[in-house]
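1. starting from these lines, generate the structure:
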Amino acid sequence: MAITVNLCYTGRNGNARKFAEEMTAGGTVAAIRAEAGNLRYEYYQSLDDPETVLLVDSWENQEAIDVHHASPMMATIAALREKYDLHMTVERYTDAETPETENRFIRK
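-> Numbers count the residues shown, from 1 in each chain. Okay, the predicted model is just below:
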């Protein structure tokens, strides 16, 4: 069962965006995307709050997340969060079938 984690990084003076940019430029994002079990790792800038960046992070299962969390990459991520003085909120979701009653609202 796939698991998606939405992490909102919030900082000051554009630090959340700088964090995401450094994660990308430094190769950490590419390394995470190459990890076994990673399905998605994408940053989005909030239109409502320019000091918040959303990370959508999806994995095949909890085991893949556990391996990722045990990797040396987590030290890099933690150091960058500290460098940019970011605060986080986290939401976790698992895949579910879309009810037939909702399909009429989805334009494909």
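
2. what's the neighbour count on Ala75?
-> Counted with other CB atoms under 10 Å, residues neighbouring Ala75 total 9. Bear in mind the C-beta positions are built from the backbone N, C-alpha and C, glycine included.

3. just checking, it is part of a strand?
-> No - the secondary structure assignment for Ala75 gives helix rather than a strand, going by DSSP: H, G, I helix; E, B strand; the rest coil.

4. which parts of the protein are strands?
-> In chain order, the chain shows strands spanning 3-10, 38-45, 52-59, 87-94, with DSSP state E as the criterion.

5. how near is the nearest residue to Ala30 once chain neighbours are set aside to Met74?
-> Closest residue to Ala30 in three dimensions, ignoring its sequence neighbours and counting by CB to CB, 6 or more residues apart in numbering: Thr24, at 7.9 Å. If you measure Thr24 against Met74 using CB to CB, to the nearest Å, the figure is 17 Å.

6. need the pLDDT of Met1.
-> At Met1 the predicted local distance difference test score is 83.

7. wait, Glu97
-> Predicted confidence (pLDDT) at Glu97: the value is 77.

8. count the neighbours of it for me.
-> Counted with other CB under 10 Å, residues neighbouring Glu97 total 6.

9. does Glu51 touch Ala16 like I think?
-> Yes - under the criterion of CB atoms under 8 Å, Glu51 makes contact with Ala16 at 6.0 Å.

10. Met1 touches Glu63, doesn't it?
-> No - checked against CB under 8 Å, the pair Met1 and Glu63 is beyond contact range at 11.1 Å.

11. who has more neighbours out of these two?
-> Between Met1 and Glu63, counted using other CB under 10 Å, the more crowded position is Glu63 (11 against 8).

12. got a pLDDT number for the more buried one?
-> As summarised for this prediction, Glu63 has a pLDDT of 97.

13. looking at the protein, which residue lies furthest from center?
-> Relative to the centre of the chain, the most outlying C-alpha is that of Thr101, 29.5 Å out, by CA atoms, centre = their mean.
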